[in-house]
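> Build the 3D model from these lines:
(one chain, ligands or ions: 2)
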Amino acid sequence: MAFPTTVRLVEVGPRDGLQNEPEPIATATKLELIDHLGAAGIRYIEAASFVSPKWVPQMADHRDVMTRLKRRDGVTYAALTPNLKGLEAALECGVEEVAVFGAASEAFSQKNINCSVAESLKRFAPVLERAREANVRVRGYVSCVLGCPYEGEIDPAKVAEVSKALYEMGCYEVSLGDTIGTGTPLKAKRMIEAVSRDIPMDKLAAHFHDTYGQALANLYAVLEEGIGVIDSAVAGLGGCPYAKGASGNVASEDVVYLLDGLGIETGIDLDKLAATGTWITQAIGRPNRSKVGVALVAK
Ligand code: HMG
Ligand code: MG
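Numbers count the residues shown, from 1 in each chain. Ligands and ions are numbered 1, 2, ... in the order given. Here you go, the predicted model:
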């Protein structure tokens, strides 16, 4: 199959990128990050997470972030909402789009959201219903699509089953998460093949973490399959608090460089994005995990 001509980047840096940071990050820093990302041409930013502050303290300022961020025309600012409580709060804060998050692994579902996969789907149903009433679109995540920190190998059929359930429930797009970054290209292709038997390819997104350095190779593989939406985090920030050892998302700068080289449009200004990666990593005292970002700044 031919590569897509355009790819939509979903920037998850302010949420996935920061949620696991041990030291508190000032709300002002998060707001500045979101603003820089919009200025670099990113059109979809996952800005906050309306989860329990006991579970994820770093996202406790979700209301402040969502109400104070400087909205730019044409940019969607989204948030995670695991349940009705999270959704109601997000709606009060004027969220434009939300996401529910499930898993293809029972053990990970328990650790991450404290319920079984079946129970999580039951909890998402009223979230989708309420969001529909409020005219807010819902994205669905499936974690552990290429491996689980607790269960190891994950059957692509299980990924397909959970993805299908989210799609049929009304999620407009299903984002497939290699939460611990253990996937390799052929595995990624097989997983996408299995999921796309039930869901059109243009309703799927790739959300790959780079723990084992395979994320770009995996993305190339799924671009060949026709994937047109990619989740990434500036400077490769991130990790999931309930997946020990999981490092950052694939770096947005690296993804944009790859796509530019393939002649695939993103509408993103790579230099501005790289400058954002340099700034945020300095602001929070983290290494910049984007090779492209580091190379561009060293030029
Ligand atoms: P629970 O303890 O089973 O929930 O947690 P509960 O309903 O029994 O409530 C317990 C307490 O949490 C109560 O407070 C609730 O009010 C409060 P208390 O009475 O004890 O003071 N609570 C909330 N507070 C704020 N916002 C809410 C909310 N809900 C309940 N929405 C729950 C269940 C889902 C809430 C919890 O497990 C949780 O917050 N989990 C979030 C875990 C998380 O955020 N993980 C990281 C995101 S997922 C990820 O990173 C993967 C992804 O990137 C894709 C990939 O890479 O694979 C998306
Ligand atoms: Mg993630």
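
> Near ligand 1, which residues of the stretch 51-200 of the chain? Just list them.
With Cβ under 6 Å from any ligand atom as the criterion, the stretch 51-200 of the chain meets ligand 1 at residues 51-52, 54-56, 82-83, 85-86, 101, 112-114, 141, 143, 177, 179. Placement of C-beta: from N, CA and C, glycine included.

> Among those, which lie within strands?
Counting by DSSP state E, these place Phe101, Tyr141, Ser143, Gly177 in strands.

> Just list the residues touching the closest residue to Asp210 other than its chain neighbours, thanks.
Sequence neighbours aside, Val250 is the residue nearest to Asp210 in space, at 4.9 Å (criterion: Cβ to Cβ, 6 or more residues apart in numbering). Contacts for Val250 (Cβ atoms under 8 Å, 6 or more residues apart in numbering) come out as Phe208, His209, Asp210, Ala215, Leu216, Leu219, Ile230, Ser232, Ala233, Gly236.

> overlap between the residues you listed and the residues near ligand 1?
His209.

> Can you name the helix or strand that the closest residue to Gly147 other than its chain neighbours falls in?
Spatial nearest neighbour of Gly147, excluding adjacent residues (Cβ to Cβ, 6+ apart): Thr182 at 4.0 Å. Using DSSP states H and E, Thr182 maps to neither a helix nor a strand.

> count of neighbours near Ser52?
16 (other Cβ atoms under 10 Å).

> Dihedrals phi and psi, the closest residue in space to Glu265 that isn't next to it in sequence?
Leaving aside its sequence neighbours, Glu265 sits nearest to Thr6 (Cβ to Cβ, 6+ apart; 4.3 Å). Thr6 has phi and psi values of phi -130, psi 150 when expressed as degrees, to the nearest 10.

> what about Thr6, neighbour count?
Using other Cβ under 10 Å, Thr6 has 10 other residues around it.

> got the contact list for it?
Gly228, Ile264, Glu265, Thr266, Gly267.

> pLDDT weak spots in the chain?
Within the chain, the segments meeting pLDDT under 70 span 1, 245-246.

> Looking at it, what residue ends up closest to ligand 1?
Among all residues of the chain, Gly177 sits closest to ligand 1, at 2.4 Å; criterion: Cβ to the nearest ligand atom.

> Show me what that residue is bridged to.
For Gly177, the beta-bridge partners are His207 (DSSP bridges).

> With Ala99 instead?
Beta-bridge partners of Ala99, as defined by DSSP bridges: Leu80, Arg139.

> Am I right that it is in contact with Arg137?
No: assessed by Cβ atoms under 8 Å, Ala99 is found out of contact with Arg137, at 9.4 Å.

> Distance check, Ala47 against Gln19.
Distance of Ala47 to Gln19, given as Cβ to Cβ, to the nearest Å: 12 Å.
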